[in-house]
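K.L.:
sharing a model that was predicted from the sequence below.
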Amino acid sequence: MNGATLPPVEALLPHRGTMLLIDRVLAFAGDTASAECTPRPDAWYADGAGAMPAWIGIELMAQTVAAHVGLRKRSEGVPPKQGALLGTRRYTSTEPAFAAGHALRIDSTMIYRDVSGLGAYDCRITCDGVEVATATLKVFEPDDFDAFVQGSLS
């Protein structure tokens, strides 16, 4: 699916207001999803130059993964569940910050998912076709999110 046939990002993610960082989902197909974010110079995260610190790229990747999971659930006809970012492996960025007004493309590819809800995604961020950040994210979609958050999973 391409961006023209995809639902708005607000229909896929629970994030609202200033915590919703991705602007739209660009594409979804099987194990992959792509999203876009254009850093804003007046955003809460903006540094002195109005740029987005590169470490926020991890959250851009996580929101793209969440959009992928939401779209997979929709395609399977089941409601989405809440999930959690467990961590990342080797997040690297070639830039200390992402300039305001320059669109970032976030690509995620699912490389692993088991029946318990544990998964891993290879992610990358590009700006003007140049790779600026990469990581492997570990995610978890528990059956009972509230119990998971409270530490009472059995």
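P.N.:
Sure, I can see it. Given the structure is predicted, the values throughout are model-derived calculations rather than measurements.
K.L.:
most residues in a single helix of this structure, which one?
P.N.:
As assigned by DSSP state H, the longest helix anywhere in the chain is helix 57-76.
K.L.:
residue 102: how many residues sit nearby?
P.N.:
Applying other CB atoms under 10 Å, we find 13 residues neighbouring residue 102. Heads up, the C-betas are built off the backbone N, CA and C, glycines and all.
K.L.:
residues in contact with it?
P.N.:
For residue 102, the contact set (CB atoms under 8 Å, 6 or more residues apart in numbering) comprises 38, 39, 127, 128.
K.L.:
need those residues in JSON lines (columns: secondary structure, pLDDT and neighbour count).
P.N.:
Below are the contacts of residue 102 laid out as JSON lines (DSSP: H, G, I helix; E, B strand; the rest coil; pLDDT from 0 to 100; neighbours: other CB atoms under 10 Å):
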{"residue": "38", "secondary structure": "coil", "pLDDT": "97", "neighbour count": "15"}
{"residue": "39", "secondary structure": "coil", "pLDDT": "97", "neighbour count": "23"}
{"residue": "127", "secondary structure": "strand", "pLDDT": "97", "neighbour count": "17"}
{"residue": "128", "secondary structure": "coil", "pLDDT": "95", "neighbour count": "9"}
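K.L.:
quick check: the farthest pair among these?
P.N.:
Greatest spacing in the contacts of residue 102, by CB to CB: 39 and 128 (13.4 Å).
K.L.:
helix, strand or coil for residue 102?
P.N.:
Look at residue 102: counting by DSSP: H, G, I helix; E, B strand; the rest coil, its state is coil.
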